[in-house]
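# no sequence for this one, just the structure:
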């Protein structure tokens, strides 16, 4: 007699053996597509790689030509109030990329170009143009920025050979509070430095002192920094604070010392610094407006 459990186990094993053989035979008959594998054509793949490489270099060359046209043709003929066109016009020229490919590329490359090709080309063109345009408008190829304040500006009061900085209120205001009377005891100097990425000595700097209804143009004192340059950092403010940083790069920054005069009266003294420089391709300008407030004695305020 055959045990029923043994017979059932033998039948199940036989059935699994037959199913395994059928599956193995089925896998042998399946193609690469049936297995989820795309057919690989080495010749076609090589042609697509060459087409994509040619497209990349064409887009880079095209963006280079557009950038040079923007820099040396469009920029010199554009005023500062219409600079938006310098980026809007070149960026809109990316719509010509598909047409340029159709005109320049051989037929064996054109068949590989799809919408994905144009999408990648637009991104490559945009970032290449922005990178090149940033390069050609800055030194040594261009200069579109006027010299700027090296760090801080300050007013220092000279009295009996002693120098004391006025107190800084904020970035555009210094103040000096009188102990008595209505006039500053001693002479007042405005000190600052200019820094430029090309040549700050080529800029025309005009300093105007405005008080009440008068405006006086003052030239920089040429000998002040030669005589006191090493001592400026040791001077203190009226509140006994350390000196402001005026020339962080003393060997590169251009120092200025403007003498406002002796015995300045109580009130707000405005200092206007106008900087004009012939850049490339435009004339670069920058203006700073500062206030030196001479306050009456605190007893007078009360």
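That came through fine. None of the values given here were measured: they were computed from a predicted structure. Residues are numbered from 1 along each chain as shown.
# how about low-confidence regions in the stretch 1-150 of the chain?
1-11, 17-40, 43, 45 (pLDDT under 70).
# where along it do the strands fall?
Remark: strands assigned in the stretch 1-150 of the chain by DSSP state E, counting those that start in this stretch are 148-149.
# ok, now how distant is the spatially most central residue of the chain from residue 44?
By CA atoms, centre = their mean, the chain has its centre lying nearest to residue 134, at 8.8 Å. Distance from residue 134 to residue 44, counting by CB to CB, to the nearest Å: 39 Å. C-beta coordinates here come from the backbone N, C-alpha and C atoms, glycine included.
# and this protein, what are its domains?
42-136, 148-301 (automatic domain parsing).
# how about these in TSV, adding distance to residue 12?
Below are these laid out as TSV (distance: least, CB to CB, whole Å):
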stretch	distance to residue 12
domain 42-136	48
domain 148-301	85
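# please identify the most buried of those domains.
Each of the domains of the chain was given a mean neighbour count from mean count of other CB atoms under 10 Å, and the largest, a mean of 16, is that of domain 148-301.
# just give me how far that domain sits from the chain centre.
Once both centres are worked out by CA atoms, centre = their mean, to the nearest Å, domain 148-301 turns out to sit 28 Å from its chain's centre.
# do stretch 88-99 as well
25 Å.
# end-to-end on that stretch?
20 Å (CA to CA, to the nearest Å).
# please apply the same query to stretch 238-245.
16 Å.
# just checking, what packs against the longest helix seen in the chain?
Identified as the longest helix of the chain according to DSSP state H is helix 42-69. Contacts defined by 3 or more CB pairs under 8 Å, 6 or more residues apart in numbering; DSSP states H and E place helix 42-69 against helix 85-92, helix 97-104, helix 107-110, helix 115-136.
# how far out from the middle of the chain is it?
With CA atoms, centre = their mean, you get 29 Å for helix 42-69.
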